[in-house]
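Asks: Quick one, what's the 3D model for this:
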Amino acid sequence: MKKLSLRTWISILTFVLIGVILFFSRKELIRAWELIGKVDPWILALLVPVIIAGYLASGEMVFSYLRQKHLIKDVSMWTQARISLELNFVNHILPSGGVSGISYMNWRLARYGVPIGRATMAQVLRYVAGFASLIALLAIAVFVVTIDGHLNRWIILMSSTLVTVMVFVTIGGMYLMGDPQRMHRVAQRISRFCNKVVRKVTFGRVEQVIKPSKLVEFLDDMSDDYQSMMRDKRVLLQPFLWGLFFTITEVAIFWIVFWSLGSPVNPAPILIAYGLASLAAFAIVTPGGAGAYEAIMVFVLAVAGMPQGEAIAGIVLTRAIVLAVTIIIGWVFYQRVVMKYGKRPDANI
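Replies: I've put the predicted structure just below:
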């Protein structure tokens, strides 16, 4: 009998928790269905330009770096947005914490003559810029929820804790990547600890989820990329600014949906919920963390004071639209690329 991986165990636990939540939210789900039936289609139509702008910004986080390094040119904004949508599609269909997307983008950018090393570097920079921009916007959100006397104090504590943790993670990451030997020692300890915990939690069914040698190899690559970025910090500015714009469009999508339902909400709690849900989505094998993502966002908005029925309606409708665009339209673009260039060697779709 095939042993289950840690990610599968996490997903099983997630589905169980979602089932419990749905059971105890029966009345709220009925209210949510009623609200969805009253959506204003004209307001909802505002999603079209916002979604397009979001994919353009996501693409610019990569392409702005490549242009600064004179590695690419003559790529239209439409192509950038389309490649970004293809990337999102791959990450949803093959959830792996972004690894599948990096592999796909390396192959995709190679069609434009971008070396694999530089393509990987551009994507690392994209994640760094996205993380930094999220921290910056969350810091603003913390200030907003703090001065807003109508919001629950728990949301202030939650948002402050999230920002603090992300800042310490950033500082810790910079400290580790500054010294390869230090990073190797930490990698060995992390792998031993995680594997030991997993063996106990799964009663020995899962022996190992982290291979020390693979972790060291991955961190060595990260360290090289980090050192390269630190030698030329100017290349960080444009991806960071595009990261800010991208995160704003992500929050705007949720805000527009709530507006169309007749339940406008403060964008600050949406941003906090989005930040928590996005981090959790990396550990779940369902497309885009489906299930856990929605549950976390509904919980945070409910804590912020929104009626649970309205929170469920807005989050479920938003996620349904986003996943439909990503999977349906993304699949079409992906298939066109495969037909044009041939199936990539490491593709599993």
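Asks: Buried residues in stretch 255-270, which are they?
Replies: Using 16 or more other Cβ atoms under 10 Å as the burial criterion, the residues of stretch 255-270 that qualify are 255-261, 263, 265-270. Placement of C-beta: from N, CA and C, glycine included.
Asks: Any regions of this structure where pLDDT drops low?
Replies: Residue ranges of the chain with pLDDT under 70: 1-37, 94-100, 148-155, 198, 201-226, 280-292, 342-349.
Asks: For the closest residue in space to residue 111 that isn't next to it in sequence, give its distance to residue 112.
Replies: Closest residue to residue 111 apart from its sequence neighbours, by Cβ to Cβ, 6 or more residues apart in numbering: residue 341 at 6.1 Å. For residue 341, the distance to residue 112 (Cβ to Cβ, to the nearest Å) stands at 11 Å.
Asks: Could you do residue 194 as well?
Replies: 38 Å.
Asks: Next: residue 160.
Replies: Applying Cβ to Cβ to residue 160 and residue 112 gives a distance of 43 Å.
Asks: now do residue 319
Replies: Per Cβ to Cβ, residue 319 is found 32 Å from residue 112.
Asks: ok, now residue 279?
Replies: According to Cβ to Cβ, residue 279 and residue 112 sit 31 Å apart.
Asks: same deal with residue 129?
Replies: Residue 129 sits 20 Å away from residue 112, taking Cβ to Cβ as the criterion.
Asks: Looking at these two, which is more packed in?
Replies: Ranked by neighbour count (other Cβ atoms under 10 Å), residue 129 and residue 112 place residue 129 first, with 25 against 16.
Asks: which ones are touching that one?
Replies: Contact analysis of residue 129 by Cβ atoms under 8 Å, 6 or more residues apart in numbering lists 61, 236, 239, 240, 242, 243.
Asks: So which elements touch the one helix or strand the fifth one maps to?
Replies: Right, the one you point to is residue 242. Element membership of residue 242, judged by DSSP states H and E, is helix 237-260. Helix 237-260 sits against helix 41-44, helix 47-68, helix 116-147, helix 267-281, helix 308-324, with contacts defined as 3 or more Cβ pairs under 8 Å, 6 or more residues apart in numbering; DSSP states H and E.
Asks: Comparing those, which comes out most buried?
Replies: helix 267-281 (a mean of 23; mean count of other Cβ atoms under 10 Å).
Asks: Quick one: name whatever helix or strand follows that one.
Replies: Where DSSP H and E defines the elements, the next helix or strand beyond helix 267-281 is helix 292-303.
Asks: Going by neighbour count, which residues of that following helix are buried?
Replies: 292, 293, 294, 295, 296, 297, 298, 299, 300, 301, 302, 303.
Asks: coming back round to it: what's the closest of the buried residues of stretch 255-270 to residue 308?
Replies: Of all the buried residues of stretch 255-270, residue 308 sits closest to residue 263, with 11.8 Å by Cβ to Cβ.
Asks: name the element the closest one belongs to?
Replies: For residue 263, there is no host helix or strand (DSSP H and E).
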